[in-house]
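In: Provided below are the primary sequence and the corresponding predicted coordinates.
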Amino acid sequence: MLKVHRINSVEWKPSAVVALATSADGSQVAAARADNSLEIWLVSPGTAGWHCQLRIHGDPNLSTVSSLVWCRSGPRGGALGRLLSSSIDGSISEWDLFDLRQKVVLSSIGISIWQIAAEPCNGLQVNDKQEIKSYENGHANTSIINGVDEEESSESDIEDDIAAVETYEQNDAKSTCLALACNDGCVRIYSVSDAEKLTYRRTLPRVSGRTLSVTWSSDANRIFSGSSDGFIRCWDVKMAQEIYRITVGLGGLGSGKELCILSLLALRCGTIVSGDSSGNVQFWNGQFGTLLQAHSSHKGDVNALAAAPSHNRVFSAGSDGQVILYKLSSDAIGSSDAIVSSDGKFVPEAVKKWIYVGYVRAHTHDVKALTVAIPISHEDLPPDEKVKRSRGREKPLDFSYHKWAHLSVPMLISAGDDTKLFAYSVKEFTKFSPHDICPAPQRMPIQLVQKPVINQTPLLLIPSAHWLEILSVRLKKGIVSDISPGPSSGVASTELVVRLQCKPFRKIICSTIASSGTSFAYSDHVTPNLFELERTKSSKDPWAVHKRPLPKELPFAHDMVFSSDSSRLLLAGHDRRIYVVDVGSAEIVHAFSPCRKDDCESLPPSEPPITKMFTSADGQWLAAINCFGDVYIFNLETLRQHWFISRLDGASVTAAGFSPRNSNVLIISTSSNQVYALDVEAKQLGEWSMRHTFSLPKRYQEFPGEVIGLSFQPSSTSSSVIIYSPRAMCLIDFGKPVDRGEEPDLANGQGLAKKLHNNGALKRKLQALESKHGGGKRNFEFCAFRDPVLFVEHLSKNSLLVIDKPWREVVDNFETKPVDKRIFGT
């Protein structure tokens, strides 16, 4: 019988998302947060594959990111392109996805940059196998009209979107131009080439007010800028002259107060879309600057605009939390208005109108960013595969994510002040509920010491951006070291042991605590630090912390871990080496250089940075995992690399750990929801994986949420492990057969979550899981969580610690309030 102890008092303050950008191939989404951190999300057509592949903490000395763009720039940017961001302090940074660093490529110009826009790719080639529709200023090109009504054919729309993605082939360009919307009213143009720094090109004439938004025309010959004086200006890029200006305001009549043009979008058909501070979304003729349509559906600032790849759908988002869809529809007018086609025949003109379709409000706060991504991962379910659903009296919106998310079908991503990211169907926007990509944003990497030598009271290490906390766990009824079977203990309490703050203007990147509880360490973006924790006899200050020396040549680390006997500290340095440091003598024992071959350790490090490390209970093995999912196994006794494992099933590693029952067995969970048991000593798949890895139950392959951790029973006889995500956990027994029996869809955790309303329900579910020893229970049993879970770990063989937090409490602690308007120039 498993006793569950809950803690929900842990402080958890995720940071708002301020900008989004999609990679050149549409497969990855970058999300910049207000704390200057950046996340790279792998776009997946299924619930299993959504995975935060990279986290870059950013430089705390730089200002907040104001805009984000992924631009193609030749070989230097690679297949994904170069990821650039602008800041309020007037600088431009590049986010190095290989070294996991933020690098300034344009020093501050002394003026705030509100938005940046990359020049559309030149030299695009049209694939002869595809036919593309083209429009000019809201009217269809009659030489290509095929007479199919877009509103009547959903399948045709999907094909259009896919064609729009696959039709163009990019030639290598020497440089790409970047337009900067600056606070002094100017638009500055820089070129992005293979050189590390940006090159200044020219500045467009200064205008009254602040330039808040900027975009390029599809042919890159024109730039459109929006200002705080209520004007949209069209610029000739080569001549650096204003062609015309548009007076914005409903109907183009202006506004009595200062009107800010917060977002602009230029479509391939020549139409310009604007969003402003009055809540209006307006469509303009890009050639003459005349108004086509105006919509006043937002109740506040329109912060972001995005278009489907076919440019026949436009999305807007604002400070009212709404995401709204507008669709291009055609109405044929009378024969008297017929026009002459290219072959000399008279054809009725099809007038295109942008109509309001509907809205979705998934966010509780301002929506600050939108982007469109294209899943290219092969972790997809066949479109015609039926998904079983649990029966119920009421059938609201369809919650099944893979009903609409398929390979190469575009999806919309939104993010904002509520720290969440949501994915929507571009084609069936109002039909399906949005998918919550990260139910526990910016989850802290918590660690538990089960039995510290200091006082045998479990200790928790909880890091944040600027401090570390060590808490002692007080279980209900005061029983800690030996918990007898019984009912669930309910909520556990914590007591602060140590709160350690890092130096000013620094940010904690990683941390760890020894299994003995006597040492802990952290690394900021400058240097690693080691501390000793001891118990004193003073009643006033029962705990004392002493800083221990470390070798000065150690670089800052992306991850760190202690050996099982707490005698050594292992650091994954930013120089892509792994350092083994003796805690007692403060000397570097060895430095590993991860490599793909066992005999090339002497070569300079060339592999991606290590972001996860795990040690075996017997102290022999170290498993190091890089940011792309490759695994390196090192022998800590011989101090040599033992094995290299390339990306398993082409996916990233989400969680891993060595089994306490057999230190030679490494359990790995991947972003495609596969589980591997690796025999490290034999350098091969374990016997269990050979039989079952590719025949796991479908209910596990549809695990709700990204797997974030493993928890083993601290027993040399147990063969089970708990694999958990913020939404659910699954008990897997490697000593039992795998039952492939199907169960209802768990894609959004809706079924079980509705049943588990309280601790008692969770207790009964876990008791059912644990009673497997009595016989009859299937393997791969699930338990859904009601609240987002940050951490799950065994306290003992028969007790489990669960750290969760009601999302409502997290929202209540946000610094920004719902419908929070952004004020420029302050």
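Out: Everything's here; your move.
In: Tell me the buried residues in stretch 219-229?
Out: R222, I223, F224, S225, G226, S227, S228, D229 (16 or more other CB atoms under 10 Å). Quick note: C-beta positions are derived from backbone N, CA and C, even for glycine.
In: and which of these is nearest to K368?
Out: Nearest to K368 among those is G226, at 16.5 Å by CB to CB.
In: isn't the closest one right next to L259, touching?
Out: No - assessed by CB atoms under 8 Å, G226 is found out of contact with L259, at 9.7 Å.
In: Now for those two: what residues contact both?
Out: Between them, G226 and L259 share these contacting residues under CB atoms under 8 Å, 6 or more residues apart in numbering: V248, D276.
In: quick one, helices of the stretch 301-450 of the chain?
Out: Under the criterion DSSP state H, counting those that start in this stretch, the stretch 301-450 of the chain carries no helices.
In: Over to the stretch 501-650 of the chain?
Out: Shown for the stretch 501-650 of the chain, no helices are assigned by DSSP H, counting those that start in this stretch.
In: where does it dip in pLDDT?
Out: Where the stretch 501-650 of the chain drops to pLDDT under 70, the residues are 598-603.
In: Can you tell me which residue sits nearest the middle of the chain?
Out: Most central in the chain under CA atoms, centre = their mean is W41, positioned 3.9 Å from the mean C-alpha point.
In: pLDDT at that residue, what is it?
Out: We have a pLDDT of 92 for W41.
In: Verify the contact between it and A423 for me.
Out: No - using CB under 8 Å, W41 makes no contact with A423, being 9.6 Å away.
In: any common contacting residues for those two?
Out: Common neighbours of W41 and A423 (CB under 8 Å, 6+ apart) are W50, I437.
In: Backbone dihedrals for Y724, please?
Out: When read as degrees, to the nearest 10, the backbone of Y724 gives phi -140, psi 150.
In: does the closest residue to it other than its chain neighbours belong to a helix or a strand, and which?
Out: Closest residue in space to Y724, ignoring its immediate chain neighbours: V792 at 4.6 Å, by CB to CB, 6 or more residues apart in numbering. If you go by DSSP states H and E, V792 is part of strand 789-796.
In: Okay, buried residues for that strand please.
Out: Those would be V789, L790, F791, V792, E793, H794, L795, S796, for strand 789-796 by 16+ other CB under 10 Å.
In: Identify the farthest-apart pair in the residues you listed.
Out: For the buried residues of strand 789-796, the maximum inter-member distance is 20.4 Å, found between L790 and S796 (CB to CB).
In: Report how many residues lie close to the residue nearest to P458 when sequence neighbours are not counted.
Out: Leaving aside its sequence neighbours, P458 sits nearest to V473 (CB to CB, 6+ apart; 4.2 Å). By the criterion of other CB atoms under 10 Å, V473 has 21 neighbours.
In: Do I have it right that V473 meets V497?
Out: No - contact criterion CB under 8 Å: V473 and V497 do not qualify, at 10.3 Å.
In: who touches A656 in this structure?
Out: By CB under 8 Å, 6+ apart, the contact set of A656 is K612, F614, A623, I625, V631, L666, I667, I668, S669, L710.
In: need the contact list for the third one.
Out: Think A623. Neighbouring residues of A623 by CB under 8 Å, 6+ apart: M613, F614, T615, V631, Y632, I633, F634, A656, F658, L666, V680.
In: Distance-wise, check the last one relative to S516.
Out: Taking CB to CB, to the nearest Å as the criterion, V680 is separated from S516 by 24 Å.
In: and if you look at the third one?
Out: Shown here: T615 relative to S516, a distance of 14 Å by CB to CB.
In: again with the fourth one
Out: In this structure, V631 and S516 are separated by 27 Å, where distance is defined by CB to CB.
In: between those two, who's got more neighbours?
Out: Each of V631 and S516 has its neighbours counted (other CB under 10 Å); V631 has more, 24 against 17.
In: Now that one: closest residue in space, sequence neighbours ignored.
Out: In space, V631 is closest to I645, 4.0 Å off (CB to CB, 6+ apart).
In: Can you name the residues that contact the one you found?
Out: I645 neighbours (CB under 8 Å, 6+ apart): D630, V631, Y632, I633, L678.
In: Just to check, the last one is in contact with S659?
Out: If I follow you right, that is L678. No - between L678 and S659 there is no contact, the gap being 10.3 Å when judged by CB under 8 Å.
In: any shared contact partners between these two?
Out: V665, L666, I667.
In: which of the residues in the strand or helix carrying the second one are buried?
Out: Applying DSSP H and E as the criterion places L666 in strand 665-670. Going by neighbour count (16+ other CB under 10 Å), the buried part of strand 665-670 is V665, L666, I667, I668, S669, T670.
In: cool, and stretch 185-197?
Out: Those would be G185, C186, V187, R188, I189, Y190, S191, V192, S193, for stretch 185-197 by 16+ other CB under 10 Å.
In: Could you identify the most distant pair in those residues?
Out: The span of the buried residues of stretch 185-197, defined through CB to CB, is set by G185 and S193 at 27.3 Å.
In: Any idea which of the buried residues of strand 789-796 the model trusts least?
Out: Among those, S796 carries the weakest pLDDT, at 87.
In: Can you tell me how far it is from I7?
Out: Separation of S796 from I7 (CB to CB): 16 Å.
In: before we move on, back to that, for S414, state which of the buried residues of strand 665-670 is nearest.
Out: The shortest approach to S414 among those belongs to T670, at 26.9 Å (CB to CB).
In: Strand partners (parallel or antiparallel) of the strand holding V792?
Out: strand 799-804 (antiparallel) (DSSP bridges).
In: CA atoms only for the partner strand, dumped as PDB, please.
Out: Output of strand 799-804 as PDB, limited to C-alpha atoms (Å, rounded to 0.1, in the frame of the first residue of the first chain):
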ATOM      1  CA  SER A 799       5.600   6.300   0.500                       C
ATOM      2  CA  LEU A 800       5.600   8.800  -2.200                       C
ATOM      3  CA  LEU A 801       6.100  12.600  -2.200                       C
ATOM      4  CA  VAL A 802       4.100  14.600  -4.700                       C
ATOM      5  CA  ILE A 803       4.800  18.400  -5.100                       C
ATOM      6  CA  ASP A 804       2.000  20.100  -7.000                       C
END
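In: what mean pLDDT would you report for it?
Out: For strand 799-804, the mean per-residue pLDDT is 92.
In: Quick check: neighbours shared by V473 and V497?
Out: Residues touching both V473 and V497 (CB under 8 Å, 6+ apart): L459.
In: Please tell me how far K299 sits from C260.
Out: The gap separating K299 from C260 is 16 Å, by CB to CB.
In: Between these two, which has more neighbouring residues?
Out: C260 (28 against 12).
In: How many neighbouring residues does the closest residue to the more buried one other than its chain neighbours have?
Out: Spatial nearest neighbour of C260, excluding adjacent residues (CB to CB, 6+ apart): S277 at 4.1 Å. Counted with other CB under 10 Å, residues neighbouring S277 total 25.
In: Would you check how far apart S277 and G185 are?
Out: 17 Å.
In: Equivalent analysis for F634, please.
Out: F634 is 57 Å from G185, where distance means CB to CB.
In: now swap in A195 and tell me
Out: Distance from A195 to G185, counting by CB to CB: 28 Å.
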